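Asks: Task: produce atomic coordinates for the following.
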Amino acid sequence: MKNGILDWVAESKNPKFLPWDVDNAASTSGLSCLVVPIFSNNRFSGVLAALTNLKYLSEDSFEYRTLFTILNQSFAKLEFVRLRDELNKTYSEYQILQSKLFNDFKFAAIGELTSKSIEEIGSPLQVIMSYSDLLQKENPDLDEEATEFIRSQVHTIKEILDRLGNFINNSDSKPKLYSCSVNTAINDFYKVIEHSLRADSCECVLDLEENIPSILSNYNSLKQIFMNSFSLINPLRGTGGGIIIQSRYSNETIIVKMLFTDTIDSVSKEDKDFGLNILKHLMDKHEGEMRFSSDAGTGTNLIFSFPLKRKMRE
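Replies: This next block holds a predicted model:
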């Protein structure tokens, strides 16, 4: 149906009978096309078209009144369904934004606390280093291997603190998109959780495909995905267990699998939905997909699909 005809029907605000002549058979069938304009809040929304053998309808006729009664009831129900769907969509978006706001606030609080903790830990470490040097100078007979061991352990702690500080640092409030290696993000994430996993005898295996293409993202967004996944499952609730983190490249998509031996049965439905909503929102920003499954037989699987091609937006 041409735009000119639609405009004419809309301007008239009345049903119109149009000849049904799409082909030779239709033109000789004696049928007409009844086109009824539909308005919502005095705005033209579209038309309802139906084939009929009628050529004319009087506004005083029973058929005309019946038709408009049916149309009014049908349109009212359709409008109700449309508004309900819009309301549900708006409410879902509100929940996701609320979850993101809470998550951002939580991360900001954790980041601030961690930054202060790093500063407070750094001062005693420097004192230990200074005193170890002083002891070595004042006591030449002191076992040099012992003092060197102290220094090496202090350096190890400082390296851990530096990595943690770099991980939580987010100086740009509006992160830009750039080429990111998923494997690099996974390795950085692993360095942060490595010591906690070892302390709880929880094994983590990295199975990363080499030379996979980079994706358009930023490392802060990627580490939020991995940290939220880790926080949701929280394998440190008990002793033992394991994690496998895989990366694969297939069909213009980078696939990351986080496989946990633990389930989330102990997590409340509210916390579970909260965590999954955050992950879904983060993946939507990447125009990607997330799949989730959890049962006692296979543990918990989180699968993230990052498309190589996406729009330059954040």
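Asks: ok, Asn301 - contacts?
Replies: 257-260, 291-294 (C-beta atoms under 8 Å, 6 or more residues apart in numbering). All C-beta spots, glycine's among them, are computed from the backbone N, C-alpha and C.
Asks: To clarify, my last question referred to Asn53.
Replies: So Asn53 contacts 30-32 (C-beta under 8 Å, 6+ apart).
Asks: repeat that with 6 Å
Replies: Taking C-beta atoms under 6 Å, 6 or more residues apart in numbering as the criterion, Asn53 is in contact with Leu31.
Asks: how close does it get to Ser61?
Replies: Separation of Asn53 from Ser61 (C-beta to C-beta, to the nearest Å) stands at 15 Å.
Asks: Over to Thr147?
Replies: 106 Å.
Asks: Tell me which residue lies farthest from the centre of this structure.
Replies: Here the chain reaches farthest from its C-alpha mean at Asp141, the gap being 60.6 Å by C-alpha atoms, centre = their mean.
Asks: Could I get the phi/psi values of that one?
Replies: phi -80, psi -10 (degrees, to the nearest 10).
Asks: Ok, Leu34 next?
Replies: Dihedral angles (degrees, to the nearest 10) for Leu34: phi -90, psi 120.
Asks: Report the buried residues of the helix or strand hosting His195.
Replies: Here His195 is covered by helix 182-199, with elements defined by DSSP states H and E. Using 16 or more other C-beta atoms under 10 Å as the test for burial, helix 182-199 gives 182-183, 185-186, 188-190, 192-193, 197.
Asks: which of the residues you listed lies closest to Leu125?
Replies: Proximity of the buried residues of helix 182-199 to Leu125 was ranked by C-beta to C-beta; the top entry is Val192 with 18.7 Å.
Asks: Model confidence for that closest one, exactly?
Replies: On pLDDT, Val192 comes in at 83.
Asks: likewise Phe107?
Replies: On the pLDDT scale, Phe107 gets 68.
Asks: all helices in the stretch 51-200 of the chain, in order from the N-terminus.
Replies: 62-138, 144-168, 182-199 (DSSP state H, counting those that start in this stretch).
Asks: Between these, which one is closest to Asn228.
Replies: Between the helices of the stretch 51-200 of the chain, helix 62-138 lies closest to Asn228; by C-beta to C-beta that is 7.2 Å.
Asks: Check the secondary structure at Asn211 for me.
Replies: coil (DSSP: H, G, I helix; E, B strand; the rest coil).
Asks: picking that back up, strands - which of the contacts of Asn301 land there?
Replies: 257-260, 291-294 (DSSP state E).
Asks: Let's have those residues in JSON lines, adding pLDDT.
Replies: Converted to JSON lines, these look like this (pLDDT from 0 to 100):
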{"residue": "Lys257", "pLDDT": "95"}
{"residue": "Met258", "pLDDT": "93"}
{"residue": "Leu259", "pLDDT": "92"}
{"residue": "Phe260", "pLDDT": "89"}
{"residue": "Arg291", "pLDDT": "93"}
{"residue": "Phe292", "pLDDT": "91"}
{"residue": "Ser293", "pLDDT": "89"}
{"residue": "Ser294", "pLDDT": "86"}
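Asks: So which of those wins on neighbours?
Replies: Across the ones in strands among the contacts of Asn301, neighbour numbers were computed from other C-beta atoms under 10 Å; Phe260 holds the maximum, 25 neighbours.
Asks: Which residues does that residue form beta bridges with?
Replies: Beta-bridge pairing of Phe260 under DSSP bridges involves Ile243, Thr300.
Asks: got the contact list for it?
Replies: When contacts are taken as C-beta under 6 Å, 6+ apart, Phe260 is in contact with 233, 235, 243, 299-300.
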